[in-house]
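Engineer: any chance you can model this:
(one chain, ligands or ions: 1)
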Amino acid sequence: MRTLPIYTYGFEVLRRKTKKITKVDDKLIEVVGSMFNTMHKATGIGLAAPQVGLDFALTVIDLSKAEGGKRLKYEPITLLNPVIKDYHGTIFLEEGCLSIPFVRAEVERPETVYVEYQDLDLNKNYVELKGLLARVAQHEIDHLNGILFIDHLTKDEKKKLKPDLDDIRKGEIETDYLLAEIPKKDKNSHRKK
Ligand code: ZN
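Structural biologist: As a prediction, this is how the structure comes out:
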């Protein structure tokens with residue numbers, strides 16, 4: 001199990017639609033382990049493959065350390081090829097993202113979602129998710145489609161966050177977890193804008 005560097009806002013991989021997983025081999029099992037390890041080290045509760053630079057439809061979620069997690073006894077889950085099939089209700093909740101450090105915002109999303117996914121045996125599952133789990137799953141499934149939580153904000157809200165987002169894009173932030181190194185040319189092209 002390795003600790004993988006986390007790709008931050010500005011990296012193209014976060015904007016790509018991921019590919020479907022059709023085979024589970026030792027390599028993939030190792031990636032899953034490394035993703036859990038990476039997420040725990042960064043004290044995150046969800047992590048999607050693009051956040052570690054990989055463009056396939058895989059996400060891990062572990063709410064056991066989230067607020068109230070102990071009481072609710074959440075099991076860590078691994079979702080392959082997850083798709084939201086149905087949803088209802090709507091609720092505002094604050095979100096953050098390991099790929100967008102220090103930025104938090106209230107995001108409106110469905111309260112309950114019905115998700116179809118495959119487990120590590122490639123068996124199909126269909127689950128009803130509520131509460132924090134529904135929220136995290138939606139955030140992570142968005143990642144697999146190249147969508148970030150800030151995309152759900154209004155123009156004005158996003159405008160307010162622009163200086164912070166620019167800092168992240170330029171790599172001018174310091175986190176207590178490992179970040180992917182931003183290529184020099186990207187830093188320069190940003191400054192010219
Ligand atoms: Zn995220």
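Engineer: quick check: the gap between D55 and H143.
Structural biologist: Remark: distance between D55 and H143 (Cβ to Cβ, to the nearest Å) = 11 Å. (C-beta placed from N, C-alpha, C; glycine too.)
Engineer: shared neighbours of these two, anything?
Structural biologist: Listed as contacting both D55 and H143 by Cβ atoms under 8 Å, 6 or more residues apart in numbering are A49.
Engineer: out of these two, which sits in the busier spot?
Structural biologist: H143 (22 against 16; other Cβ atoms under 10 Å).
Engineer: need the pLDDT of the residue nearest to that one when sequence neighbours are not counted.
Structural biologist: What sits nearest to H143 in space, not counting adjacent residues and going by Cβ to Cβ, 6 or more residues apart in numbering, is A48, at 3.4 Å. Listed pLDDT for A48 reads 98.
Engineer: which stretches of the chain form strands?
Structural biologist: Remark: strands assigned in the chain by DSSP state E are 46-48, 58-61, 77-88, 91-97, 100-109, 112-118, 124-129.
Engineer: out of the ones you listed, nearest to P163?
Structural biologist: P163 lies closest to strand 100-109 among the strands of the chain, at 10.4 Å (Cβ to Cβ).
Engineer: what's the angle from that closest one to strand 91-97?
Structural biologist: 160 degrees (axes from the mean of the first three to the mean of the last three Cα atoms, to 10 degrees).
Engineer: listing partners with orientation, what would you give for strand 100-109?
Structural biologist: Here strand 100-109 is paired, per DSSP bridges, with strand 91-97 (antiparallel).
Engineer: got the contact list for the partner strand?
Structural biologist: Contacts for strand 91-97 (Cβ under 8 Å, 6+ apart): 103-111, 132, 135, 139, 148-149.
Engineer: farthest pair in the residues you listed?
Structural biologist: V103 and E111 (23.2 Å).
Engineer: compare those two (neighbour count), which wins?
Structural biologist: More neighbours surround V103 than the other of V103 and E111, with 19 against 15 (other Cβ under 10 Å).
Engineer: who's in contact with that one?
Structural biologist: G96, C97, I150, L161, D164, L165, I168 are the contacts of V103 under Cβ under 8 Å, 6+ apart.
Engineer: which ones among the residues you listed lie within helices?
Structural biologist: Here DSSP state H is the test, and the contacts of V103 give L161, D164, L165, I168 as lying in helices.
Engineer: just the buried ones from these, in ChimeraX syntax?
Structural biologist: Selection of buried members from those for ChimeraX, criterion 16 or more other Cβ atoms under 10 Å:
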select :161,164,165,168
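Engineer: got any ranges where this structure has weak pLDDT?
Structural biologist: 67-73, 185-193 (pLDDT under 70).
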